[in-house]
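S.K.: Okay, predicted coordinates and the sequence, questions at the end:
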Number of protein chains: 2
Amino acid sequence: MYDLIIVGGGPAGLTAGIYAQRARLKVILLERELIGGQIALSDVIENYPGFPSISGMDLMAKFEEHARGLDLEIKIEGVESITTDGEIKVVKTTEGEYRTKAVIVATGAKPRPLGVPGEKEFTGKGVSYCATCDGPFFRNRVVVVIGGGDTAVKEAVYLSKIADKVYLVHRRDQLRAEKILQEKAINSDKIEILWSHVLLEITGEGGVDHAIIKNLKTEEVTTLDVHGAFIFVGINPTTNFVDVEKDEQRFIIANPKMETSVPGIFVAGDCRNTPLLQVSTAVGDGATAAFIAEDYIDNLE
Amino acid sequence: MYDLIIVGGGPAGLTAGIYAQRARLKVILLERELIGGQIALSDVIENYPGFPSISGMDLMAKFEEHARGLDLEIKIEGVESITTDGEIKVVKTTEGEYRTKAVIVATGAKPRPLGVPGEKEFTGKGVSYCATCDGPFFRNRVVVVIGGGDTAVKEAVYLSKIADKVYLVHRRDQLRAEKILQEKAINSDKIEILWSHVLLEITGEGGVDHAIIKNLKTEEVTTLDVHGAFIFVGINPTTNFVDVEKDEQRFIIANPKMETSVPGIFVAGDCRNTPLLQVSTAVGDGATAAFIAEDYIDNLE
């Protein structure tokens, strides 16, 4: 029987683990795949205060080291469901079952597919959702990046250092990314921004050969010769295993104390209905969730 | 005319500065006294993820370096008032006046006096609110610490490494501090915890000689021979210069987007009505406030 189970080992979950361990709770952190979560796949993080420039993987290694230094128990194990048995929560995993007084859901979010023909077929064969994972395959080749937010623009800049040419296809006529990132993209002579365009289809023989795009203003359809397509058009929260109140995009709704609609189930980080998905905000969420969870557990006894 | 003025140079303000600078806003950060704020006075921080153990001053130096590396403009200047002139905010300081489209209030909070006889008289002469500032004066002497929260217990442990003996006077029969801190205090043979006691008065000739305390259960009054008294009984937010909605303790009320009751005035960190006052949460607040402020500024134009 645990005091607290933390589901997810990204910035929010690891921060909650640090706080819970310092609070001397009997706690375990369960992570399905990768300690550090999505951010560990990020080329460079330059806005987590204290680290002017660090790779996502290195930053997450520091978080993990911090948590493990406090003896946080971490297991690689996927959570399938969370149910309640009176005041107790039952966490069913790929390996078995845990009983706990409280749960913090910190499962983050994953890239959203665009849903165009060819996308699924060529995933892993030229279509990618992670530039740092797959970018190196495209040395001296041509790639297209879809999207206009922070991730899309950051990854386009990253890819421009590897590929010969990067098309950045964005449906609007301005980018939503941080201005500092926009400048880097606009000033790069390897990046060509195709404003007001959408991707219609990805085609090829065995791998990606073409991206078919449409100009939303002129309706003109163009075929780009590319070897890879990187899609960054938003994210879907990983929240289907838990039955608490969610918004229409399935992000979990919480109050400022990170309490969900179910007492004893708390939320932190990118899977929460939050205005900003960043390491900085995930860390704040994780600290708050663990602090409030401790209070909840104390009051049960 | 500025896009954004950040008032306060602690963790929340510096984080907001990092984000605002990356968003290429025309921004200035105004700090009255000390870059880093109250946390810069803290002996050791062990729960800001990524830094397993670091002094408050060193951590804040890293934050400042990060912000200055992005060319954030920082001035040592106290803000006296914030008023509105249509959609424009007018920030009056000790040095002059600034006009800006938006303001983030990140002024933090300061130690709360206990209000007992002798406290004011002996402040700076044995009564202190900062162990790292004044602790070294008490080498091989005897001090009393008042309070039972994180700060009180952490500072008692710190003082026990300098002083010969530390009395920890707490009005309840259990501590509220993190368990890991409690254990350190309870296991120290230099710290004597006086449960269910309150401080009545501080007396002395020229400096602190005695702390007069009362047992709340037996009503018994005892006189402790001490050379110093450290008071950690909570904090007051620094919010009197701005007229926005506040709670009964004068912490500023905001929604999850850090918007206050006045459009264009945002809040972040310890001066906000938040469940947890930590570097981790201040960083999350600062990032969100800057992100939402940028959106607000964009929509003004």
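M.R.: Perfect, I can see it now.
S.K.: biggest strand in chain A by residues?
M.R.: Secondary structure assigned by DSSP state E gives strand A:97-105 as the longest strand of chain A.
S.K.: Just the residues contacting that one, thanks.
M.R.: By CB atoms under 8 Å, 6 or more residues apart in numbering or on different chains, the residues outside strand A:97-105 that reach it are A:1-8, A:13, A:16, A:28, A:82, A:85, A:87-91, A:239, A:242, A:244, A:252, A:258, A:260, A:264-268, A:271, A:286, A:289-290, A:293, A:296-297, A:300. Backbone N, C-alpha and C define where each C-beta goes, glycine included.
S.K.: Those: which ones sit near chain B?
M.R.: For chain B, the contacts drawn from the contacts of strand A:97-105 by CB under 8 Å from any CB of the partner chain are residue A:286.
S.K.: Narrow the contacts of strand A:97-105 to just the buried residues.
M.R.: Neighbour counting over the contacts of strand A:97-105 (16 or more other CB atoms under 10 Å in any protein chain shown) leaves A:2-8, A:13, A:16, A:28, A:82, A:89, A:91, A:239, A:242, A:244, A:252, A:258, A:260, A:264-268, A:271, A:286, A:289-290, A:293, A:296-297 as the buried ones.
S.K.: ok so residue A:182 is a helix residue?
M.R.: Yes. Membership of residue A:182 in a helix is supported by DSSP: H, G, I helix; E, B strand; the rest coil.
S.K.: Check whether the residue in the stretch 201-301 of chain A positioned nearest to chain B sits in a helix, strand or coil.
M.R.: Proximity of the stretch 201-301 of chain A to chain B (CB to the nearest CB) peaks at residue A:284, 2.0 Å away. For residue A:284, the assignment made with three-state DSSP gives helix.
S.K.: Just the pLDDT for the closest residue in space to residue A:264 that isn't next to it in sequence.
M.R.: Excluding the flanking residues, the one nearest residue A:264 by CB to CB, 6 or more residues apart in numbering or on different chains is residue A:102, at 4.7 Å. We have a pLDDT of 98 for residue A:102.
S.K.: cool, residue A:38 as well?
M.R.: For residue A:38, the model assigns a pLDDT of 89.
S.K.: Also residue A:299?
M.R.: At residue A:299, pLDDT is 86.
S.K.: quick one: what helix or strand has it in it?
M.R.: helix A:279-300 (DSSP states H and E).
S.K.: Now do the contacts for the residue of the stretch 101-250 of chain A found nearest chain B.
M.R.: Residue nearest to chain B within the stretch 101-250 of chain A: residue A:179 (3.5 Å; CB to the nearest CB). Listed by CB under 8 Å, 6+ apart, the contact set of residue A:179 reads B:22-24.
S.K.: repeat for residue A:52
M.R.: Per CB under 8 Å, 6+ apart, neighbours of residue A:52: A:46, B:65-66, B:69.
S.K.: Which of those residues fall within strands?
M.R.: Per DSSP E, the contacts of residue A:52 never map to strands.
S.K.: interface residues of the stretch 201-301 of chain A facing chain B?
M.R.: A:256-257, A:274-276, A:278, A:280-288, A:291-292.
S.K.: 6 Å - rerun?
M.R.: Contact residues, the stretch 201-301 of chain A versus chain B (CB under 6 Å from any CB of the partner chain): A:257, A:275-276, A:278, A:280-281, A:283-284, A:287-288, A:291.
S.K.: quick one: contacts of the host helix or strand of residue A:199?
M.R.: Residue A:199 belongs to strand A:197-203 when assigned by DSSP H and E. The contact list for strand A:197-203 (CB atoms under 6 Å, 6 or more residues apart in numbering or on different chains) reads A:116-119, A:122, A:146, A:169, A:171, A:208, A:210-215, A:229.
S.K.: Counting neighbours, what do you get for residue A:240?
M.R.: 11 (other CB atoms under 10 Å in any protein chain shown).
S.K.: and it, what does it touch?
M.R.: Residue A:240 touches nothing, counting by CB under 6 Å, 6+ apart.
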